[in-house]
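# I'll drop the sequence and a predicted model, then ask my questions.
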Amino acid sequence: MNETVIIRDGVYICPVCGSKRITEAMQAVILKKCDANTRTIISTITNKPYMSNRDKAFEYDCASPSGVGCWFYVCRKCGWESGLYVE
Ligand SMILES: [Zn+2]
């Protein structure tokens, strides 16, 4: 159960069940800040010791997978998982 994902005409397809419901799971770099002494979170946006959920979500959306080079595919229909791809 370690086959590679099928790409046909630019569409990702599950090699087991043929479904197109393919998730790409990737590692991404996210910047976190905290006070070195107290470990209190420091906002990456305002540099103050509080970070709203909205700002945390913003950091998640901005987190870049490029340069990390590690991802895999999952079929949401049958549960198939590819092996780990590396850049
Ligand atoms: Zn599948």
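Nice, thanks for sending it over. Numbering: from 1, shown residues only.

# what residues does this structure put near the ion?
14, 16-17, 19, 75, 77-78, 80 (C-beta under 5 Å from the ion). The way it works is simple: take the backbone N, C-alpha and C, and place the C-beta from them, glycine included.

# which residues touch the lowest-mean-pLDDT helix or strand in the chain?
Every helix and strand of the chain was ranked by mean pLDDT, DSSP states H and E. The lowest is strand 85-86, at a mean of 89. With C-beta atoms under 8 Å, 6 or more residues apart in numbering as the test, strand 85-86 has contacts from 69-72.

# ok, the spatially most central residue of the chain - contacts?
Nearest to the geometric centre of the chain sits residue 26, at 3.7 Å (C-alpha atoms, centre = their mean). By C-beta under 8 Å, 6+ apart, the contact set of residue 26 is 65, 68, 70-71.

# at 7 Å instead, please
Neighbouring residues of residue 26 by C-beta atoms under 7 Å, 6 or more residues apart in numbering: 65, 71.

# then residue 6?
Counted by C-beta under 7 Å, 6+ apart, residue 6 has contacts 13, 15.

# next one: it from residue 40, what distance?
48 Å (C-beta to C-beta, to the nearest Å).

# what about residue 46, distance to the ion?
44 Å (C-beta to the ion, to the nearest Å).

# number of residues surrounding the closest residue to that residue other than its chain neighbours?
Take residue 46 and drop its neighbours on the chain: the residue closest to it by C-beta to C-beta, 6 or more residues apart in numbering is residue 55, 7.7 Å away. Taking other C-beta atoms under 10 Å as the criterion, the count of residues near residue 55 is 14.

# what pairs with residue 24 across the strands?
Beta-bridge partners recorded for residue 24 (DSSP bridges): residue 73.

# correct me, but it touches residue 74?
No. Contact between residue 24 and residue 74 fails when scored by C-beta atoms under 7 Å: they sit 8.2 Å apart.

# contacting residues for residue 34?
40-42.

# closest one of these to the ion?
Proximity of these to the ion, judged by C-beta to the ion, is greatest for residue 41, which lies at 39.1 Å.

# now do the contacts for that closest one.
34, 49, 51.
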